[in-house]
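Asker: Have a look at this fold, sequence not included:
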């Protein structure tokens, strides 16, 4: 159980890697847009499969991989959205916390 949990949550420790990749490798000229789209699609797919598959002991490896992919997608979207509002705070510092609160 602990090994599967470690595998599933390991994308959170790779946030810096995802940030460097998205900042250095643009997709069609965009540094965040398509990464967010890919991440969102990946999360929907991984969690949809998890929701519909029978969870048995023999499927634990596959489930851990799906949780890994789902968490990786959430990490990518979280990181890039944080990066975007950090850019906006630099452009408009007078807005302060109003920019990130609803």
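Answerer: Now that the structure is in, tell me what you want to look at. Since we're looking at a predicted model, the values are computed, not measured.

Asker: buried ones in the longest helix along the chain?
Answerer: Longest helix in the chain, counting residues (DSSP state H): helix 60-91. Buried residues in helix 60-91, counted by 16 or more other C-beta atoms under 10 Å: 63-64, 66-77, 79-80. Where you see a C-beta, it was placed from the backbone N, CA and C, and this is true even at glycine.

Asker: what's the weakest-modelled helix or strand in this protein?
Answerer: helix 2-9 (a mean of 83; mean pLDDT, DSSP states H and E).

Asker: Can you name every helix or strand that it contacts?
Answerer: helix 60-91 (3 or more C-beta pairs under 8 Å, 6 or more residues apart in numbering; DSSP states H and E).

Asker: and the helix it packs on, what's its mean pLDDT?
Answerer: Per-residue pLDDT over helix 60-91 has a mean of 86.

Asker: now the angle from it to helix 2-9?
Answerer: 30 degrees (axes from the mean of the first three to the mean of the last three C-alpha atoms, to 10 degrees).

Asker: Work out the gap between helix 60-91 and the centre of the chain.
Answerer: From the chain centre to the centre of helix 60-91 is a distance of 2 Å (C-alpha atoms, centre = their mean, to the nearest Å).

Asker: One more: stretch 57-76?
Answerer: Using C-alpha atoms, centre = their mean, the offset of stretch 57-76 from its chain centre is 12 Å.

Asker: again, but for stretch 54-68
Answerer: Taking mean C-alpha positions (C-alpha atoms, centre = their mean), stretch 54-68 and its chain are 19 Å apart.

Asker: Understood, closing this out.
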